[in-house]
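>>> structure here, sequence nowhere to be found:
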């Protein structure tokens with residue numbers, strides 16, 4: 001499967017959803033499911049806490065036969081997956097990726113300024129009214145939440161320690177490409193062309209990049225956001241009618257549209273917290289610069 005498969009392994013809140021939306025416009029590329037989480041099947045074993053602390057089990061594809069059925073063996077298309085947790089859980093995912101896709105599979109990684117990424121990750125849960133703690137208190141809870149088997153998306157600060165994560169993949173695989181979110185945003189056309197050349201498909205494709213995808217923010221009306229994102233009597237009553245009238249994809253688009261309309265820009269991070277995080281990440285960023293052979297000075301400012 002490796003000759004016809006690629007894998008984005010992370011990181012979360014760095015632009016993976018946008019890249020997914022762009023790549024699926026390419027006629028030679030097929031991404032049946034954005035994230036299967038198949039290569040985290042040794043991590044996602046405890047679902048006792050329930051959503052949103054953990055992902056709904058029914059949304060995961062952890063069975064080999066179910067995973068294999070997504071990717072036809074004789075297709076001429078290049079198949080792929082845009083994951084977010086494989087990079088963070090590299091100690092568990094790499095062996096399974098090798099076992100399934102081989103050492104020659106093309107691996108892509110996108111990294112965002114870890115300070116900005118951490119805050120965006122936190123606001124991802126604020127947006128859906130799942131997090132009531134402050135950013136600072138939420139970060140202090142990471143070790144406890146990790147011990148309780150919270151999903152990797154709750155590890156706002158820890159996920160930004162990229163050096164060991166990236167090093168593990170560059171040691172394990174021959175074909176690894178690292179993209180920097182800030183550079184991607186500055187020149188999307190050039191960066192997308194570079195990705196397509198790496199994937200060895202036609203690079204002369206024009207993508208519709210006008211929409212912003214999976215943005216974080218603060219809900220304008222928390223009651224409306226709770227109605228959309230959390231289980232309640234109104235949802236239970238209306239669910240049969242919506243399921244009868246609209247398919248799953250249409251319902252997801254409707255939810256996303258209403259959520260985005262109800263999202264306002266989030267308040268800035270406190271300068272004190274920003275300085276503390278820059279200091280926290282500094283040595284890791286410098287090690288990553290050496291690994292990648294490029295300057296990440298803007299992250300250190």
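Cool, the structure landed. Nothing here was measured: the structure is a model prediction, and the numbers come from that model.
>>> drop to CA atoms for contacts and neighbour counts, all remaining ones
Noted.
>>> now the strands for the stretch 1-150 of the chain?
For the stretch 1-150 of the chain, applying DSSP state E, counting those that start in this stretch gives strands covering 5-8, 29-30, 78-82, 106-111.
>>> just give the number of residues close to residue 269.
A total of 13 residues lie near residue 269 under the criterion other C-alpha atoms under 10 Å.
>>> can you tell me the SS state at it?
Three-state call for residue 269 (DSSP: H, G, I helix; E, B strand; the rest coil): coil.
>>> OK, contacts around the spatially closest residue to it that is not a sequence neighbour?
Take residue 269 and drop its neighbours on the chain: the residue closest to it by C-alpha to C-alpha, 6 or more residues apart in numbering is residue 119, 7.4 Å away. Residue 119 makes contacts with 135, 156, 269, as judged by C-alpha atoms under 8 Å, 6 or more residues apart in numbering.
>>> count of residues packed around the closest residue to the first one other than its chain neighbours?
Distances taken as C-alpha to C-alpha, 6+ apart put residue 122 closest to residue 135, at 6.5 Å, once the chain neighbours are dropped. The burial count assigned to residue 122 is 26, neighbours taken as other C-alpha under 10 Å.
>>> low-confidence ranges, the stretch 151-300 of the chain, go.
Along the stretch 151-300 of the chain, segments meeting pLDDT under 70 span 210-239, 241-242, 245, 248-265.
>>> how much space separates the residue nearest to residue 269 from residue 150?
To residue 150, residue 119 is 18 Å away according to C-alpha to C-alpha, to the nearest Å.
>>> now do residue 5
Where residue 150 is concerned, residue 5 sits at a distance of 30 Å (C-alpha to C-alpha).
>>> which residues in the stretch 51-200 of the chain form helices?
64-68, 90-101, 114-127, 135-140, 142-147, 162-172, 181-186, 188-199 (DSSP state H, counting those that start in this stretch).
>>> low-confidence ranges, the stretch 1-150 of the chain, go.
Applying pLDDT under 70 to the stretch 1-150 of the chain flags residues 1-3.
>>> thinking again about what came up before, next, format the contacts of residue 119 as JSON lines and append distance to residue 50.
Formatted as JSON lines, those follow (distance: C-alpha to C-alpha, whole Å):
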{"residue": "135", "distance to residue 50": "22"}
{"residue": "156", "distance to residue 50": "19"}
{"residue": "269", "distance to residue 50": "29"}
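>>> and the residues you listed, which is closest to residue 87?
Among these, residue 156 lies closest to residue 87 (C-alpha to C-alpha), at 14.0 Å.
>>> do you know how far the nearest residue in space to residue 158 that is not next to it in sequence is from residue 108?
Leaving out its chain neighbours, the residue that sits closest to residue 158 by C-alpha to C-alpha, 6+ apart is residue 142, at 7.9 Å. Distance of residue 142 to residue 108, computed by C-alpha to C-alpha: 27 Å.
>>> do the same with residue 19
In this view, residue 19 and residue 108 are 11 Å apart by C-alpha to C-alpha.
>>> list the contacts of residue 156.
117-119, 121-122, 139, 142.
>>> and for residue 191?
Listed by C-alpha under 8 Å, 6+ apart, the contact set of residue 191 reads 183-184.
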